[in-house]
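Participant: any chance you could fold what I've pasted below:
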Amino acid sequence: MKELAFPLLGTAMVALIVVPLSTLAAKLLLARRSRSLEHLPRFGSSANYLLLVGPVLGPVVWFVSAGLHQAESGRGLAACLYDGIGSEACWDALAFSLFLLALVAGGFLRRIRQSFAVYSAHRRISGHSSYDERLQRLRCSHQGLRRYRVVPVRSAAEPVCTRGLLRPVIEVSEDVLDALDDTSLMSTLLHELEHARSLDPLRYFVADVCLQLNPLSSLLRSEVARWRLAREASCDEQAVRSGADPLCLAAAIVQASRPAPAPVAAAALAGSGNLKALRLRIGLLLGFHEQSAQPIRQDSPVIVGLCSVFFIGLLPHVMGSGPLDSLHLAIETTLAWLVLL
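Facilitator: Sure, this is the predicted structure:
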């Protein structure tokens, strides 16, 4: 049983000490960045997203990689008091890495199950119909839209949204299809195209899981909501720059608005349906109608995210696993001292 002491206590210390400290640092950085940004869509950048998910994913990736580094054969540490010192693998560190992975994987699986239950209850794809023919005609008229599925739905909780964590699908309810003309519908699809290109359903889902796993999630919840609003405003602007009519897009947003919480794993056209947020977006679109939209520097969220994970995971193998060594040694020494008492 004592062999599980470090994996259990180490995981608890990462979750209850390291993650909260990282959250406080991220909150301060986000507050500083928000004061320096005058244009709302710029807050929806990949850098700010990393600050939102980093307090959880950053320590987990680093400590898991450091634990694997410690567990490599021939790298036994003096910290492994119960495993002995020498060339044997440090199995405590390996178990610690597995426990951390299990903690995060449990959070992801729990949210996937909850999201699937909501998704199954409301989503009913209609068969071949005039709705489908109309959507396919508009889809084929735009080169970017051809890469993604665009489907009509019935009884949907979100009238217009992009779903799918790895393979985004744009869904449009039949009610919205009846209410919008082709210009408004095309403007709507161009907005959702920006969500699909950036894999926003996946990013929204990961951010939600990180909030669930963060003991100080209350500090970042408002920042996540603001980031999602900024993403919606950014997609509005990019849609206008791609040819969407600002007034038609504004009308479509109003048509799709519902007084419901923002979906966890979907990028809905109307966002959370918050009245203040809708007014802000409509005001920005009216501004785009009167003058050219301000350019936004585009990045690739997928490449930025993968490079960040790779860099953090590589650090312990290049610079050593000092923080984990100290944590490991402190826990093992404390336990040995308690046994002597």
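
Participant: setting aside sequence neighbours, what's the nearest residue to residue 138?
Facilitator: Leaving out its chain neighbours, the residue that sits closest to residue 138 by Cβ to Cβ, 6 or more residues apart in numbering is residue 186, at 5.5 Å. Where you see a C-beta, it was placed from the backbone N, CA and C, and this is true even at glycine.

Participant: pretty sure the one you found sits against residue 142.
Facilitator: Yes - assessed by Cβ atoms under 8 Å, residue 186 is found in contact with residue 142 at 7.5 Å.

Participant: name the element the residue nearest to residue 138 belongs to?
Facilitator: In the assignment (DSSP states H and E), residue 186 maps to helix 182-197.

Participant: hmm, who's touching the helix or strand harbouring residue 31?
Facilitator: Under the criterion of DSSP H and E, residue 31 resides in helix 19-36. Helix 19-36 has contacts (Cβ atoms under 8 Å, 6 or more residues apart in numbering) with 43, 47-48, 51-52, 54-56, 58-59, 213-216, 219-220, 223, 226.

Participant: how about stretch 103-114 as CSV, C-alpha atoms only?
Facilitator: C-alpha atoms of stretch 103-114 as CSV (Å, rounded to 0.1, in the frame of the first residue of the first chain):
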residue,chain,number,x,y,z
LEU,A,103,-7.9,12.0,-13.5
VAL,A,104,-8.0,14.1,-16.7
ALA,A,105,-9.3,11.2,-18.8
GLY,A,106,-12.2,10.7,-16.3
GLY,A,107,-13.1,14.4,-16.6
PHE,A,108,-13.2,14.2,-20.4
LEU,A,109,-15.2,10.9,-20.5
ARG,A,110,-17.7,12.3,-18.0
ARG,A,111,-18.3,15.4,-20.1
ILE,A,112,-18.4,13.5,-23.4
ARG,A,113,-21.2,11.3,-21.9
GLN,A,114,-23.2,14.2,-20.7
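
Participant: which of the residues in it are classified as buried?
Facilitator: 103-104, 107, 111-112 (16 or more other Cβ atoms under 10 Å).

Participant: same thing with stretch 25-34?
Facilitator: Going by neighbour count (16+ other Cβ under 10 Å), the buried part of stretch 25-34 is 26-27, 30, 34.

Participant: which among the residues you listed gets closest to residue 307?
Facilitator: residue 26 (18.7 Å; Cβ to Cβ).

Participant: ok, the closest one to residue 54 distance?
Facilitator: Per Cβ to Cβ, to the nearest Å, residue 26 is found 6 Å from residue 54.

Participant: kindly report the same for residue 198.
Facilitator: On the measure of Cβ to Cβ, residue 198 and residue 54 end up 18 Å apart.

Participant: the two: which has the busier surroundings?
Facilitator: Remark: of residue 198 and residue 54, residue 198 carries more neighbours, 25 against 19, as counted by other Cβ atoms under 10 Å.

Participant: okay, the nearest residue to the more buried one once chain neighbours are set aside: pLDDT?
Facilitator: Counting by Cβ to Cβ, 6+ apart, residue 198 lies nearest to residue 301, which is 5.0 Å off, once chain neighbours are set aside. Note on residue 301: pLDDT of 82.

Participant: separation between residue 301 and residue 270?
Facilitator: 22 Å.

Participant: more crowded one of these two?
Facilitator: Relative neighbour count places residue 270 above the other of residue 301 and residue 270, with 24 against 19, counting by other Cβ under 10 Å.

Participant: so the more buried one touches residue 278, yeah?
Facilitator: Yes - look at residue 270 against residue 278 with Cβ under 8 Å: they come within range, at 6.8 Å.

Participant: low-confidence bits of the stretch 1-150 of the chain, can you list those?
Facilitator: For the stretch 1-150 of the chain, applying pLDDT under 70 flags the ranges 1-3, 73-90, 115-128.

Participant: how about 80 then?
Facilitator: 1-5, 36-39, 70-92, 113-129 (pLDDT under 80).

Participant: at which residues are the helices of it located?
Facilitator: For the stretch 1-150 of the chain, applying DSSP state H, counting those that start in this stretch gives helices covering 5-13, 19-36, 46-71, 91-122, 130-140.

Participant: can I get the ones you listed in a markdown table with distance to residue 306?
Facilitator: Output for the helices of the stretch 1-150 of the chain, formatted as a markdown table (distance: least, Cβ to Cβ, whole Å):
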| stretch | distance to residue 306 |
| --- | --- |
| helix 5-13 | 25 |
| helix 19-36 | 20 |
| helix 46-71 | 11 |
| helix 91-122 | 17 |
| helix 130-140 | 28 |
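
Participant: most tightly packed of the ones you listed?
Facilitator: Across these, averaging neighbours per residue (mean count of other Cβ atoms under 10 Å) puts helix 46-71 on top, at a mean of 22.

Participant: so what does that one touch, helix or strand wise?
Facilitator: Helices and strands touching helix 46-71, by 3 or more Cβ pairs under 8 Å, 6 or more residues apart in numbering; DSSP states H and E, are helix 19-36, helix 91-122, helix 200-213, helix 217-241, helix 301-319, helix 322-340.
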